[in-house]
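A.B. asks: pasting the sequence and the predicted coordinates here, then a few questions.
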2 protein chains.
Amino acid sequence: MANELTSRATDYAQWYNDLILKGGLADYSAVRGCMVIKPYGYALWENMKDVLDRMFKETGHVNAYFPLFVPKSFLEKEEGHAEGFAKECAVVTHYRLKGDPNNKGKLIVDPEAKLEEELIVRPTSEAIIWNAYKDWIQSYRDLPLLINQWANVVRWEMRTRLFLRTAEFLWQEGHTAHATADEAIQEAEKMLHVYADFVENYMALPVMKGVKTPNERFAGALETYCIEALMQDGKALQAGTSHFLGQNFAKAFDVKYLTKENRQEFVWATSWGVSTRLIGALVMAHSDDQGLVLPPRIAPLQVVIVPIFKGAEQKAAVDEKVSPLIADLKARGISVKYDDSENNRPGWKFAEYELKGVPVRIAIGPKDIEHGVVEIARRDTKEKTSVPVEGVAQYIQDLLENIQQNLYNRALAYREEHITAVNSWEEFKAVLEQKGGFVSAHWDGTPETEEKIKDETKATIRCIPLNNMQESGSCVYSGKPSSQRVLFALAY
Amino acid sequence: MANELTSRATDYAQWYNDLILKGGLADYSAVRGCMVIKPYGYALWENMKDVLDRMFKETGHVNAYFPLFVPKSFLEKEEGHAEGFAKECAVVTHYRLKGDPNNKGKLIVDPEAKLEEELIVRPTSEAIIWNAYKDWIQSYRDLPLLINQWANVVRWEMRTRLFLRTAEFLWQEGHTAHATADEAIQEAEKMLHVYADFVENYMALPVMKGVKTPNERFAGALETYCIEALMQDGKALQAGTSHFLGQNFAKAFDVKYLTKENRQEFVWATSWGVSTRLIGALVMAHSDDQGLVLPPRIAPLQVVIVPIFKGAEQKAAVDEKVSPLIADLKARGISVKYDDSENNRPGWKFAEYELKGVPVRIAIGPKDIEHGVVEIARRDTKEKTSVPVEGVAQYIQDLLENIQQNLYNRALAYREEHITAVNSWEEFKAVLEQKGGFVSAHWDGTPETEEKIKDETKATIRCIPLNNMQESGSCVYSGKPSSQRVLFALAY
C-alpha cells in the first residue's frame, strides 16, 4: 500500500493527490470539478465541524438555513460582490426535463420550462441572507443578529484540486448584523480568533493572523481578516477569513433599524467562513511519505489495535487482553478499533493504518502477553515502545496529547524557520525560489507594486499581520518609503 | 402574540402556516418554493438530525458526501427513475455570468459559457452515487457498503407548503449495496424500523408501518416501505420511506462484484430517507390553538424560567433562587433559559413561550419564594402546579418524560380512533368525508381500481401494513375478491 505513494521529494502535488485518494479521504466524481468526500474524509470533516459548531454556539451564534439559489438580480445589488462572483456561477435556467421526441429513453431540457429569472447556485450567501434580514431587523432590539449556516456552495473554478479548490465545497458561513461599525469589527476579529484557536489547537497548525490588502479582499468587504498557514512545500494556504462588510449589504438590500434614539440607520455587517479546504491544509501540513498524519483531537480513529496470532488459541489469549483495554479507552472517550479481520496480515494492516494516519497503533501477540506488555507505535515519529499492560490506557491518553502537541510544535518550528525578512529585491526572489515560506518585506502600500510583484514572482501578499510592528523602511520592489513589513508567499 | 393565531377549527391550513411563521420555525424566501429555516426551526432539525445520525451509526452506517449535480445522462440510465424525476428538475445550463453590455450594472448569462452536458441539481442521489459505487465495489469483501448522506435536494414542485413540500429541502439519504437480495431487503426493513423508532420515541408520533402499492413506489424501486402518520385534521402524512431497489441501479451503472465462488454478480441496493418534512408532521400532530407543542426529547428548549418581580430587590431574590435550579437542570442535561429580559412583561413571555411550544415553563415571584415553591406550567395540558423548590429539578426531569409520553399517548389515541374498517363504497366515502383518518378497506389489488378510487375521492392507499392480517373479502370499489385490507386516506 504505502510504498505505492509518490514521495514528497519526487512530486509534492502527486504525493498530495495520492494521500487523498489512497488514504480514502475523497475521490474524483463524474461531475467536472466536484469531488466525492468518502466516509473517512467525511468523518474528519464531521469532527472538525463539531468542534467549530460548539465554538460558534459558545460565542452566541445560532444556525439557520437559507436557500441554495440566489436570483440573478440579487447578486447584482452589491456591485463589488457581483463582479467578484459573476465569472464563476453555476446558473439554473430551466426547471423541467422531458423525453427527447427524437431519441427514445433520452431526456432534453424542456424549452417551455424556462425560468423568468435565472437562479445562481449560491457561491456564498450574502445576497440571499441580507434579503431575508430586511424582514427580520426593525429595531435595535433585533440586533445583534448572529447567524451561521452549514452549507454547500458552488464556484465554477477552472482548475480544481481535491479539497483545495473544487467547484462544489462544504463550508460554514457566518452572517451577522450589528448596530455599530465598532461592534461589527469586533465580531469579525472575534471570529478570526475563533478560527485561529480551532486551527492551532485542534488541527495542530500554527497560523499568522492578519488583514488582506484591498486587492485581496472579499468581494464586497471593507476589511478582510485572515489566517494563513504554511505547508511543507513552503507555500502558504489561506485557512479562514472573516470580513467586515461595513454597510454595503445593508444599503444594497435596504436593511435599516430604529435606534434607541428613534432614528433609522443602516445595519453593519460581517461574514466569515471556513471550508473543507481545511482538510487539504491538514493533509499538506503534517503528512509524510508513508501517508496521512492526523492530529489526535480530530482524527476519525485515534487508536487501532492489531492482534498478532497463529490459530484460535493464541487469538483467544489476545482477545482476552484486548477486551478490557478497549473498554478502558472507550471510557476515556478515546476512539478505538480492534482490527482482528483475517483477510489481511498484520504487516498489511500496519501499512494501511500508517497510510490512514491513525495516531496510535497497538500490536499485541503471544510474546507481548508473556512479558505483560503491548507494543505501541506512534504515527508522528514512528517510534515503537513496549509498554506494560498495567496502566496502558492512561499511557495512551497522555500519548495522544503528546502527539497533538508534537505535531503543533513541529509545524511551528517549520513555520518559524520559514519566515524570512529580506531587504532587497534580489534577496526577495532568491528566498522565494530557494527556500520558500513567508517573506517579510517592506511594501510601498500601492496595489500597483503588489500587482507587479505578483506578475514577476507569483507571490502575493498573504497578510498584513495583526498588531504589526511599525518600522520605517523602503519598499523591496519600488524603493519607496514604507512603514511596515508585510508577508509575501507563493500560495495555494 | 398567541391570540393572533388562526384556530384549527377556523382554517387548519392557515393555522399551520401561522405556527410555522409566528413560531419562528421558517420563513418564505424570495426564491419561488424555497424557504428559510430560521434558527428555532433549525435547532429542532439539529436535534432530530443528531438522534437519527446516532441511530444510523449504531446500525453500522457511515456518512459521506456526493456532488450536488447529476449529469443529465446519468439520470437517463435508470428508466423508471428518470421518468419519476424529469418533470421537476432544476437544470444548470451555464457556468458564467457577464456584465450586460446594454445595461450597466446588470448581469446576463454568458452564452459562451454553455455546458456541454446539462447538470441536474440532485432531486435524489441514486444516479450519482451508483456511478461512484462502480469504482468502489469489486469483490464480496467490499460489501455491504452502508453509506448515508446529509444533504439538500431540489424538486421543482408547483404547489409548495412550508416544510411539507418545498422546492429545496434538507434530508438524509442512505444508499447501501449488498451481495444478496435477502440482505438488501433486511436492510430496507431495518431502516424502516429505525425511522419508526425515531418518529415514535422522539417525535412522539405513532406510525403505521407498511409497504406502498406498485403505483406509489419510489421511481426505480421494487418495493417501497413507508411509515405513515396521522395529522389532527385526519389526513395522513408519509413520514419516511425505505426502498428495496433490486439490481436496477447496479445494472444501470454496471456495478458488479466478485462472489466468494469467483463469479461476477450485480449488486443489490437499498435507499432510504427522511427530510425536513418531518418538522411539518411534528407541528401538525401535536400543536394547538395557542401555538406549537414540542416533544421534550427534541425540543430546542425544554424549560423556560420567567421571573416575576418589581424592582431590583425582588429581582435579586428571584435570581438567588433560580441560579441553583438552573445549575441543577443543566447538570441533568436539560436545556433551560432564564428569560429575565426587561423588554417584555411576564404575560407577554408566557404567551411567547406557549407559542414556541417550550414543554415546561417555570414562573417564580416573591410570593412563591415566601412559600418555598415555584409555579410550573406544562405546555401539553396547560396545567399549572405549585411545586416545592426542594427537589424541583427531579420533578421537572420526570415531568419532561411524562409530557413526552402523554403526547405520544394522545396522538396514539387519536390515531386509534381514526382507523375505521369499512365494508361498502358508501361507508368508505362517508368515513373519508365526515370522520377522516385511515380507512381500512378491501381492495382488489389492481392499479386501475386504486386510480379510480383516487380520482373519485382523492384518497390514496397509504400502505399495506407490515404483517397484514389475511382475510377474504371483496373490494370496496370493484366488488372483486380481495385477500386483505389496506389503509386508505387523504394525505399531505
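C.D. replies: Okay, I see it.

A.B. asks: buried residues in the helix or strand harbouring A:A250?
C.D. replies: Here A:A250, judged by DSSP states H and E, is contained in helix A:248-252. By 16 or more other C-beta atoms under 10 Å in any protein chain shown, the buried positions in helix A:248-252 come out as A:N248, A:F249, A:A250, A:A252. From N, CA and C alone the C-beta is placed, and that goes for glycine too.

A.B. asks: closest one to A:P123 out of those residues, please.
C.D. replies: For these, the residue nearest A:P123 by C-beta to C-beta is A:F249; the value is 14.8 Å.

A.B. asks: quickly find the element holding the nearest residue to that closest one once chain neighbours are set aside.
C.D. replies: Take A:F249 and drop its neighbours on the chain: the residue closest to it by C-beta to C-beta, 6 or more residues apart in numbering or on different chains is A:W130, 4.3 Å away. Using DSSP H and E, A:W130 maps to helix A:126-136.

A.B. asks: quick check: angle from whichever helix or strand comes after that helix to strand B:145-154?
C.D. replies: The helix or strand immediately downstream of helix A:126-136 is strand A:145-154, counting by DSSP H and E. If you take axes from the mean of the first three to the mean of the last three C-alpha atoms, to 10 degrees, strand A:145-154 sits at 110 degrees to strand B:145-154.

A.B. asks: and strand A:145-154, how far out from the chain's middle?
C.D. replies: 15 Å (C-alpha atoms, centre = their mean, to the nearest Å).

A.B. asks: helices and strands around it, which ones?
C.D. replies: helix A:39-58, strand A:62-63, helix A:126-136, strand A:168-178, strand B:145-154 (3 or more C-beta pairs under 8 Å, 6 or more residues apart in numbering or on different chains; DSSP states H and E).

A.B. asks: strands paired with it, and their directions?
C.D. replies: Sheet pairing of strand A:145-154 (DSSP bridges) gives strand A:62-63 (parallel), strand A:168-178 (antiparallel).

A.B. asks: need the winner for burial among the ones you listed.
C.D. replies: Comparing the strands paired with strand A:145-154 on average neighbours per residue, with mean count of other C-beta atoms under 10 Å in any protein chain shown, the densest one is strand A:168-178 at a mean of 23.

A.B. asks: got the CA coordinates for it in PDB?
C.D. replies: Listed next in PDB are the C-alpha coordinates belonging to strand A:168-178 (Å, rounded to 0.1, in the frame of the first residue of the first chain):
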ATOM      1  CA  GLU A 168     -18.700  22.500  -5.000                       C
ATOM      2  CA  PHE A 169     -17.400  22.600  -1.500                       C
ATOM      3  CA  LEU A 170     -18.800  22.400   2.000                       C
ATOM      4  CA  TRP A 171     -18.400  25.200   4.400                       C
ATOM      5  CA  GLN A 172     -19.900  27.300   7.100                       C
ATOM      6  CA  GLU A 173     -20.700  30.900   6.600                       C
ATOM      7  CA  GLY A 174     -21.500  33.300   9.500                       C
ATOM      8  CA  HIS A 175     -23.600  36.300   8.700                       C
ATOM      9  CA  THR A 176     -24.000  38.900  11.400                       C
ATOM     10  CA  ALA A 177     -25.800  42.200  11.700                       C
ATOM     11  CA  HIS A 178     -24.800  44.900  14.200                       C
END
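
A.B. asks: end-to-end on stretch A:28-46?
C.D. replies: Distance between the two ends of stretch A:28-46: 20 Å, counting by C-alpha to C-alpha, to the nearest Å.

A.B. asks: that stretch - what's its average pLDDT?
C.D. replies: For stretch A:28-46, mean pLDDT is 96.

A.B. asks: name the residues that touch that stretch?
C.D. replies: A:20, A:23-27, A:156-157, A:160, A:162-163, A:166-168, A:170, A:276, A:279, A:282, A:294, A:298-300, A:356, B:62-71, B:74, B:119, B:128, B:131-132, B:147 (C-beta atoms under 8 Å, 6 or more residues apart in numbering or on different chains).

A.B. asks: out of those residues, which sit inside helices?
C.D. replies: Mapping these onto helices (DSSP state H) picks out A:I20, A:I279, A:L282, B:F74, B:I128, B:N131, B:A132.

A.B. asks: from those residues, which two are the most distant?
C.D. replies: A:L282 and B:F74 (31.4 Å).

A.B. asks: so between those two, which is more surrounded?
C.D. replies: A:L282 (27 against 23; other C-beta atoms under 10 Å in any protein chain shown).

A.B. asks: buried residues, stretch A:381-390. List them.
C.D. replies: A:V387, A:V389.

A.B. asks: looking at the stretch 101-250 of chain A, which residue is nearest chain B?
C.D. replies: Nearest to chain B, among the residues of the stretch 101-250 of chain A, is A:W156, at 4.2 Å (C-beta to the nearest C-beta).

A.B. asks: from A:I120, how far out is that residue?
C.D. replies: 10 Å (C-beta to C-beta, to the nearest Å).

A.B. asks: between those two, what contacts are shared?
C.D. replies: Going by C-beta under 8 Å, 6+ apart, residues that sit against A:W156 and also against A:I120 are A:C89, A:A90.

A.B. asks: now do the helix or strand containing A:S386: distance to the chain's middle.
C.D. replies: Per DSSP H and E, A:S386 falls inside strand A:384-388. Counting by C-alpha atoms, centre = their mean, strand A:384-388 is centred 35 Å from the centre of its parent chain.

A.B. asks: which positions in the stretch 351-492 of chain A make contact with chain B?
C.D. replies: Nowhere does the stretch 351-492 of chain A come near chain B, counting by C-beta under 8 Å from any C-beta of the partner chain.

A.B. asks: could you pull out the helices for the stretch 351-492 of chain A?
C.D. replies: A:366-371, A:392-417, A:425-430, A:447-457 (DSSP state H, counting those that start in this stretch).

A.B. asks: buried residues in the first one?
C.D. replies: Of the residues in helix A:366-371, those scored as buried under the neighbour-count criterion (16+ other C-beta under 10 Å) are A:D368, A:I369.

A.B. asks: from the contact counts, what lies against it?
C.D. replies: helix A:311-331.

A.B. asks: ok, residues contacting the helix it packs on?
C.D. replies: By C-beta under 8 Å, 6+ apart, helix A:311-331 touches A:303, A:305, A:307-309, A:336, A:338, A:340, A:362, A:364-366, A:369, A:374, A:389, A:392-393, A:396-397.

A.B. asks: mind exporting it as PDB, just the C-alpha atoms?
C.D. replies: Included here for helix A:311-331 are C-alpha records, laid out as PDB according to Å, rounded to 0.1, in the frame of the first residue of the first chain:
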ATOM      1  CA  GLY A 311      -4.500 -20.200  15.400                       C
ATOM      2  CA  ALA A 312      -7.600 -19.800  17.600                       C
ATOM      3  CA  GLU A 313      -5.900 -20.400  20.900                       C
ATOM      4  CA  GLN A 314      -3.500 -17.500  20.500                       C
ATOM      5  CA  LYS A 315      -6.300 -15.400  19.200                       C
ATOM      6  CA  ALA A 316      -8.400 -16.100  22.200                       C
ATOM      7  CA  ALA A 317      -5.500 -15.100  24.500                       C
ATOM      8  CA  VAL A 318      -5.000 -11.800  22.700                       C
ATOM      9  CA  ASP A 319      -8.800 -11.100  22.700                       C
ATOM     10  CA  GLU A 320      -8.800 -11.600  26.500                       C
ATOM     11  CA  LYS A 321      -6.100  -9.000  27.000                       C
ATOM     12  CA  VAL A 322      -7.500  -6.600  24.500                       C
ATOM     13  CA  SER A 323     -11.100  -6.500  25.700                       C
ATOM     14  CA  PRO A 324     -10.600  -4.700  29.000                       C
ATOM     15  CA  LEU A 325      -8.200  -2.300  27.200                       C
ATOM     16  CA  ILE A 326     -10.800  -1.300  24.700                       C
ATOM     17  CA  ALA A 327     -13.400  -0.800  27.400                       C
ATOM     18  CA  ASP A 328     -10.900   1.400  29.300                       C
ATOM     19  CA  LEU A 329     -10.000   3.500  26.300                       C
ATOM     20  CA  LYS A 330     -13.700   4.000  25.300                       C
ATOM     21  CA  ALA A 331     -14.500   5.100  28.900                       C
END
